[in-house]
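Q: what would the 3D arrangement of this be:
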Amino acid sequence: MDLLHALTTFTRIVETGSFSAVARESNIGHSAVTRLIGQLESHFGVRLFHRTTRRLSLTQDGQDLLGLARHMIEVADEITATMSRQQGKPTGLVRVAMPVGATRLLVPRLREFLEYHPGLSVEVLVSDRVENLIEARIDLALRVGAVNDASLVTRNIGTFGRVAVAAPSYLERHGAPATPADLINHSCILPDLGPESGHWTFDGPDGRVRVAVSGALIANSTEVIRHAALAGYGIALLTELQVVDDIRLRRLQRVLPEYPIERYQVSIVYPSRRHLALRTRAVIDFLVEQFRTIESRLAEERVLGEISAAWLV
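A: As a prediction, this is how the structure comes out:
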């Protein structure tokens, strides 16, 4: 029995709460996972789980082993990271979670980075939801807005804006709003944010304005909202990062440009560890560099009075 592998499987069962989930993510059969845990129990002469048809819980011995197993896995990771640093080359797989809107700019830039690091692989996990990094085995994630999880290391990498946009076809049919209050007469494409979905906030000459908006389409994906805007469904609030290309190519037009929208922070977050693997650090450095370049160029475009993305093509 590979003890480290067995302990890793054991911790994943605890984190996911399921033998079946670990079997699926490992691409092995449920019976193989059960057999491995049986071998681990025999090795230590203890029972690790209370198992019923509805519930899986740790025995006291299982709870004692969990802390030791996590420590052993962390030490093994530190050994791997140390040896990689000595070789000076990042190797292995890095799992990165990011919002849908970020992929349009970052994924094309990954090619050159991965060519420079041939021993490195990056798995991009796309979701606008906030994932539990430890349970999902995610090495690092891009987060938009405030990060309130004290268990994560947070590195702020840029501040970006949102813009109100609509397709030319929609504006030809319905005209453009002159003030935020005019949005009451327009169809807006709403994010699925619960009660806040129906309100947008703008900064105007007389201060902050919060207006009620409505529309026939609600989506839990910013990329779906973007496609709906392109199709002429109505007015959408999207990030500069998402629509910079569409505005340059005149597929979308700015709406209410005199009324800025609250800016937001983009951060990299990752689980706290004393020694960060070289492969993870390399990806973090890549993301920091890319976002600094993007933020600097967008700032130049704002000074010029329009957003252009010729530099992205």
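Q: so which elements touch the helix or strand encompassing Leu65?
A: In this structure, Leu65 sits in helix 60-87 according to DSSP states H and E. Helix 60-87 is packed against helix 3-16, helix 278-304, with contacts defined by 3 or more Cβ pairs under 8 Å, 6 or more residues apart in numbering; DSSP states H and E. To be clear about C-beta, it is placed using only N, CA and C from the backbone, and glycine gets the same treatment.
Q: in CSV: those helices, plus distance to Arg55.
A: Compiled in CSV, the helices and strands packed on helix 60-87 are given as follows (distance: least, Cβ to Cβ, whole Å):
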stretch, distance to Arg55
helix 3-16, 13
helix 278-304, 35
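Q: out of those helices, which comes closest to His43?
A: Evaluated over the helices and strands packed on helix 60-87, closeness to His43 peaks at helix 3-16, with 7.4 Å, by Cβ to Cβ.
Q: ok, back up a step: ok, of the helices and strands packed on helix 60-87, where does mean pLDDT dip lowest?
A: When those are ranked by mean pLDDT, helix 278-304 comes last with a mean of 78.
Q: residue closest to the middle of this protein?
A: By Cα atoms, centre = their mean, the chain has its centre lying nearest to Met98, at 2.4 Å.
Q: returning to that earlier point: okay, the angle between the helix holding Leu65 and helix 3-16?
A: Helix 60-87 runs at 120 degrees relative to helix 3-16, counting by axes from the mean of the first three to the mean of the last three Cα atoms, to 10 degrees.
Q: quick one: low-confidence ranges for the stretch 1-150 of the chain?
A: Residue ranges of the stretch 1-150 of the chain with pLDDT under 70: 53, 81, 84-88.
Q: show me the contact partners of stretch 276-287.
A: Residues external to stretch 276-287 that are found in contact with it (Cβ atoms under 8 Å, 6 or more residues apart in numbering): 77, 80-81, 84-85, 89-94, 96, 106, 110, 113, 117, 120, 122, 139-140, 142, 155, 157, 268, 270.
Q: cool, and stretch 34-49?
A: So stretch 34-49 is contacted by 1, 3, 5-7, 9-10, 13, 19, 56-59, 61-62, 65 (Cβ under 8 Å, 6+ apart).
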